[in-house]
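**Student:** Fold the following for me, if possible:
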Amino acid sequence: MPSAYTCDGCGATLSAGDELVREPRPTGRSWYCRYCRTPVPGSVGERLAHREDGSPTDRRP
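**Tutor:** Next up is the predicted model:
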């Protein structure tokens, strides 16, 4: 399974949860590209949400 996803809207390479916007919905969550707000498939959003980007500001354990 690839470790990154290319946004269909702007072409950005999304590789960590901080590059996504999560919006709660009555039927679950919806994921969007942080840069252009194009919808991202739920399975991709859930997978990337658990990835650390490795930057110095990444505070996830």
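**Student:** For residue 3, see how far away residue 23 is.
**Tutor:** In this view, residue 23 and residue 3 are 24 Å apart by Cβ to Cβ, to the nearest Å. Where you see a C-beta, it was placed from the backbone N, CA and C, and this is true even at glycine.
**Student:** And for residue 34?
**Tutor:** The value you get for residue 34 to residue 3, if Cβ to Cβ is used, is 18 Å.
**Student:** between these two, who's got more neighbours?
**Tutor:** Neighbour totals were compared for residue 34 and residue 3, and residue 34 leads with 16 against 9 (other Cβ atoms under 10 Å).
**Student:** Chain neighbours aside, what residue packs nearest to the residue nearest to the spatial centre of the chain?
**Tutor:** Centroid-nearest residue in the chain, with Cα atoms, centre = their mean: residue 20, separated by 3.4 Å. Among residues not flanking residue 20 along the chain, residue 31 sits closest, at 5.2 Å (Cβ to Cβ, 6 or more residues apart in numbering).
**Student:** what number of residues lie near that neighbour?
**Tutor:** 23.
**Student:** Phi and psi next, for it.
**Tutor:** phi -110, psi 140 (degrees, to the nearest 10).
**Student:** For it, give me the pLDDT.
**Tutor:** Residue 31 carries a pLDDT score of 94 in this model.
**Student:** got it, and the one 5 residues further on?
**Tutor:** In the predicted model, residue 36 carries a pLDDT score of 96.
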